[in-house]
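K.L.:
here's my sequence, what's the structure:
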Amino acid sequence: MLQQMRDLRQHLLLVVDEHGVCVGLATPLDVLTAVAGELPDAGDADPPSASRLPDGGWSLDGRLAVEEVARLLQAPDLRRDYPDATLAGCLLRASGAIPEEGQGMDWRQWRFEVERRVGPRIERVRATRRVEALADELAGPA
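P.N.:
Model prediction:
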């Protein structure tokens, strides 16, 4: 049906039964909903968020842009080392698989750990300064 709509350049089809009686209308969204289930509205999604934690770490939305994460963490190399669009994409690339909750990776001075995952989607990531990086900063220049 979607292919017919595309071919005919129509966005509204009349649905008829075997007797030729009109029983309804169908739109591309109706077809997609029938196949995939209820789809979220574009306006329903909350914007990606980040919050500073009392210990100095961050709780980050996996959908955050790498640019924003790099800015928040004052870690400009993140953009260069992981050119993915989102923080979740970085973690997927680095681990080579979908990381489990609690699984993490070290990157330069930071540790990224998956806080919450829903299905394959990484929703929240905790970023904390690595102990070694903090010790180096406290020691100062050699």
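
K.L.:
neighbours of the closest residue to residue 49 other than its chain neighbours, how many?
P.N.:
Computed as CB to CB, 6 or more residues apart in numbering, the closest residue to residue 49 that is not its neighbour in sequence is residue 61, at 5.0 Å. Just so you know, the C-beta spots here come from the backbone N, C-alpha and C atoms, and that holds for glycine as well. Under the neighbour criterion other CB atoms under 10 Å, residue 61 is assigned a count of 21.

K.L.:
try residue 47
P.N.:
Other residues near residue 47 come to 7 when the count uses other CB under 10 Å.

K.L.:
please apply the same query to residue 31.
P.N.:
Neighbour count of residue 31, defined by other CB under 10 Å: 15.

K.L.:
tell me how the protein divides into domains.
P.N.:
Under the assignment automatic domain parsing, the domains of the chain span 2-39, 47-139.

K.L.:
point out the most buried one among those.
P.N.:
Using mean count of other CB atoms under 10 Å, the stretch among those with the greatest mean number of neighbours is domain 47-139 (a mean of 15).

K.L.:
mind listing the strands in this protein by residue range?
P.N.:
With DSSP state E as the criterion, the chain has strands at 13-16, 22-26, 50-52, 58-61, 104-107, 110-118, 121-129.

K.L.:
dump those strands into JSON lines; add distance to residue 73 as well.
P.N.:
Output for those, formatted as JSON lines (distance: least, CB to CB, whole Å):
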{"stretch": "strand 13-16", "distance to residue 73": "50"}
{"stretch": "strand 22-26", "distance to residue 73": "48"}
{"stretch": "strand 50-52", "distance to residue 73": "10"}
{"stretch": "strand 58-61", "distance to residue 73": "7"}
{"stretch": "strand 104-107", "distance to residue 73": "10"}
{"stretch": "strand 110-118", "distance to residue 73": "6"}
{"stretch": "strand 121-129", "distance to residue 73": "6"}
